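1. fold the following for me, if possible:
(one chain, ligands or ions: 3)
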Amino acid sequence: MRQIIVKLGRVQTVIAITALSSLASVLITLFLISGFSQIGINLDVFSHIMIALLVPLLLAPPISWEIIGLLLKVDQLEVEMRKAATFDALTGLFNRQAFLEQAHYVFHLAAREAFGFSVLVVDLDHFKSINDQFGHAHGDRVLETYGRIASHVARRSDLAGRLGGEEFAFLLPNTSAEQAWNFSERLHETIRNTVIEHDGDAIHFTISIGIATVTREELNSKDLEKVLSLADQAMYQAKQQGRNQSVIFANSYAVEILVAS
Ligand code: GH3
Ligand code: MG
Ligand code: MG
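-> Ligands and ions are numbered 1, 2, ... in the order given. Just a heads-up that it's a prediction; the model follows:
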């Protein structure tokens, strides 16, 4: 019922309620008139039908207008609350809780369907000095820009989230270490080429990325928290090695690819 009302909108719902209540009123009146005539009371059909039609025509629109308005407002608030509970307001990416929930879901699906995946932990480089140099509001614009780029570079089936502050993550289902590396390079490339205008100045920013991959064979020996912490360790290694680069956590395949900016 609620979905129908939301779909129809306020005006059409009010028209529908008025039409239905008028029809119901006329039918009930006709039923009563015939009942009365059976016990010998003959009423004037035309004038009673007119009254039966007029009363709901006058009452239903203002009353239902208010009620439907309230209902649509509640519905809108619920949509906004659900959005606020799921998405980070600044970047539009999944917030920490939603990202971890979705990631756990994909992790269990991966174990069941036997597909590997990669996790990327991303941290903006020297973000504190961007805030210090250009102000917090422009720092926010950098985060916003990162969010737009992250959504654009990721596929619809990938998860992209903000873990907190200037730290982000991706979960790429069915993605090998090499594919995740290529993905991270595309992200670096796009960000390196991005300029944010600020009072005639140009703000550039870079990111450090840690990558951890779970192959199909490893699915049962790893849990999601472990994979995230491996990606986190790799991200810190990228920081130590000069930032603006990715590091793949050297696990089972014992490969570590390091590319400086
Ligand atoms: P590193 O390259 O080592 O990561 O250095 P960093 O400066 O990025 O790291 P640090 O942890 O020292 O600073 C992170 C900064 O991010 C500090 C904090 O004020 C800022 N920050 C966190 N959340 C927000 C936010 O929502 N908006 C803005 N503008 N800044 C934020
Ligand atoms: Mg940082
Ligand atoms: Mg950080």
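2. got the residues of the stretch 151-261 of the chain near ligand 1?
-> 165, 166, 239, 243 (Cβ under 6 Å from any ligand atom). The C-beta positions use only the backbone N, C-alpha and C, and glycine is treated the same way.
3. the nearest residue to residue 243 once chain neighbours are set aside: what's it in contact with?
-> Closest residue to residue 243 apart from its sequence neighbours, by Cβ to Cβ, 6 or more residues apart in numbering: residue 125 at 4.2 Å. Residue 125 sits next to 205, 206, 207, 208, 239, 243, 244 when contact means Cβ atoms under 8 Å, 6 or more residues apart in numbering.
4. in which helix or strand would I find the residue in the stretch 51-200 of the chain that ligand 1 sits nearest to?
-> Proximity of the stretch 51-200 of the chain to ligand 1 (Cβ to the nearest ligand atom) peaks at residue 139, 2.7 Å away. Here residue 139 sits within helix 136-153, counting by DSSP states H and E.
5. report whether that helix contacts ligand 2.
-> No: using Cβ under 5 Å from the ion, helix 136-153 stays clear of ligand 2, with a minimum separation of 11.0 Å.
6. neighbouring contacts of that helix?
-> The contact list for helix 136-153, computed with Cβ under 8 Å, 6+ apart, reads 88, 90-93, 122, 124, 127, 130-131, 160, 162, 166, 168, 170, 183, 186-187, 190-191, 194, 196, 198, 203, 205, 207.
7. about what we covered before: distance of the residue nearest to residue 243 from residue 40?
-> 94 Å (Cβ to Cβ, to the nearest Å).
8. also residue 31?
-> Look at residue 31 and residue 40: by Cβ to Cβ, they are 17 Å apart.
9. again with residue 23
-> Remark: distance between residue 23 and residue 40 (Cβ to Cβ) = 28 Å.
10. higher neighbour count, those two?
-> Legend: neighbour count by other Cβ atoms under 10 Å for residue 23 and residue 40, higher for residue 23 (13 against 6).
11. check which helix or strand the more buried one maps to.
-> Using DSSP H and E, residue 23 falls in helix 10-38.
12. quick one, the helix or strand that that helix is followed by and helix 10-38 angle?
-> Following helix 10-38 in sequence order, the next helix or strand is helix 45-86 (DSSP H and E). On the basis of axes from the mean of the first three to the mean of the last three Cα atoms, to 10 degrees, helix 45-86 is oriented at 150 degrees to helix 10-38.
13. for residue 202, list each beta-bridge partner.
-> residue 197 (DSSP bridges).
14. please confirm that residue 180 is located within a helix.
-> Yes: assigned with DSSP: H, G, I helix; E, B strand; the rest coil, residue 180 falls within a helix.
15. what is the neighbour count of the closest residue in space to it that isn't next to it in sequence?
-> Spatial nearest neighbour of residue 180, chain neighbours left out: residue 118 (3.5 Å); criterion: Cβ to Cβ, 6+ apart. Counted with other Cβ under 10 Å, the neighbours of residue 118 add up to 27.
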